[in-house]
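Asker: sequence-free structure coming up:
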């Protein structure tokens, strides 16, 4: 395998990302005697980094700093003419429009969750924050795989990147595996559930196979996961047919403070999520009227 690695943090003053990059490259070459590296550096004539493996290491000069718009918009033409199987960035910026798998190391997502920890200057937080937030979000969206350096970073990414996104009223998008579920009511007592699976561009077949297996396991009529959901749906239909109640109650865990303090966290048994969906729907439907 031949890996293109963005090693520009190894040029100039040594940094944490630079140390991480050097240790990772040495370990990879030591573990895989067949591995070849294409190092992206700011200058081709820089000091050698991996003397012990020079026959397997080549250099591509890209004379721009790593944390700049050039990484996103100018690096890919340089790379498109090179031979490699995988691109790895040890910092959260990826070149656009590559036709080969991209891997990124995310050390933290502080620019997304709390930019104040990165700078005390509001103007700098606004300018740099816009660039870093956009770059970080694009990198995580484009990457076939995300590496993290700690369990805390892994949890932060998962918490920030929700697994389920509901598009009102009946479309659910799941990021991992990449599936879309559409719930289509066709009668008062009948609903069709459609599951759509997507193949990741440049990603391994294993990801697509997992998405198919997930849909079979969760959405099929003989699902061992959704049988409790089906039971609840049937009980709700029976209750609605009984007639005493004109309205479906969504009052569980109601607190008047929720009207003014959203967004907020809640637990899985609270109906706050459903109430908020209806409020958002009503607000959008009446916006022009108001």
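Answerer: Sure, I can see it. Since we're looking at a predicted model, the values are computed, not measured.

Asker: which regions of the stretch 1-150 of the chain lie under the pLDDT threshold?
Answerer: Confidence mapping of the stretch 1-150 of the chain against pLDDT under 70 gives the ranges 44-49, 51-54.

Asker: what are the ranges of the helices in it?
Answerer: Remark: helices assigned in the stretch 1-150 of the chain by DSSP state H, counting those that start in this stretch are 16-31, 69-73, 75-80, 110-113, 122-142.

Asker: using a markdown table, lay out the ones you listed together with distance to residue 208 and mean neighbour count.
Answerer: For the C-beta atoms, the positions are set from N, CA and C on the backbone; glycine is no exception. Below are the helices of the stretch 1-150 of the chain laid out as a markdown table (distance: least, Cβ to Cβ, whole Å; neighbours: other Cβ atoms under 10 Å):
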| stretch | distance to residue 208 | mean neighbour count |
| --- | --- | --- |
| helix 16-31 | 27 | 15 |
| helix 69-73 | 27 | 17 |
| helix 75-80 | 25 | 17 |
| helix 110-113 | 28 | 16 |
| helix 122-142 | 17 | 15 |
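
Asker: want to throw those helices into TSV with distance to residue 229?
Answerer: Compiled in TSV, the helices of the stretch 1-150 of the chain are given as follows (distance: least, Cβ to Cβ, whole Å):
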stretch	distance to residue 229
helix 16-31	44
helix 69-73	42
helix 75-80	44
helix 110-113	32
helix 122-142	29
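
Asker: so which of these gets nearest residue 56?
Answerer: helix 16-31 (6.8 Å; Cβ to Cβ).

Asker: which elements pack onto that closest one?
Answerer: Judged by 3 or more Cβ pairs under 8 Å, 6 or more residues apart in numbering; DSSP states H and E, helix 16-31 is in contact with strand 2-6, strand 36-41.

Asker: ok now it, how far from the chain's centre?
Answerer: Counting by Cα atoms, centre = their mean, to the nearest Å, helix 16-31 is centred 25 Å from the centre of its parent chain.

Asker: could you check the angle it makes with strand 2-6?
Answerer: Angle, helix 16-31 to strand 2-6, by axes from the mean of the first three to the mean of the last three Cα atoms, to 10 degrees: 170 degrees.

Asker: which of the helices and strands packed on helix 16-31 is buried the deepest?
Answerer: Mean neighbours per residue, mean count of other Cβ atoms under 10 Å, is largest over those for strand 2-6, with a mean of 22.

Asker: parallel or antiparallel, list what pairs with it.
Answerer: When sheet partners are counted by DSSP bridges, strand 2-6 sits next to strand 36-41 (parallel), strand 86-89 (parallel).

Asker: can I get those strands in a markdown table including distance to residue 119?
Answerer: Output for the strands paired with strand 2-6, formatted as a markdown table (distance: least, Cβ to Cβ, whole Å):
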| stretch | distance to residue 119 |
| --- | --- |
| strand 36-41 | 27 |
| strand 86-89 | 23 |
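
Asker: give me the distance between residue 220 and residue 193.
Answerer: Noted for residue 220: a distance of 10 Å to residue 193, by Cβ to Cβ, to the nearest Å.

Asker: so for residue 140, which of the helices and strands packed on helix 16-31 sits nearest?
Answerer: Nearest of the helices and strands packed on helix 16-31 to residue 140, taken as Cβ to Cβ: strand 2-6 at 16.1 Å.

Asker: so how far is the closest one off the chain centroid?
Answerer: Relative to the chain's own centre, strand 2-6 is displaced by 22 Å; criterion: Cα atoms, centre = their mean.

Asker: hmm, who's touching that strand?
Answerer: If you take Cβ atoms under 8 Å, 6 or more residues apart in numbering as the criterion, strand 2-6 is touched by 21, 25, 28, 35-40, 60, 66, 71, 75, 79, 82-91.
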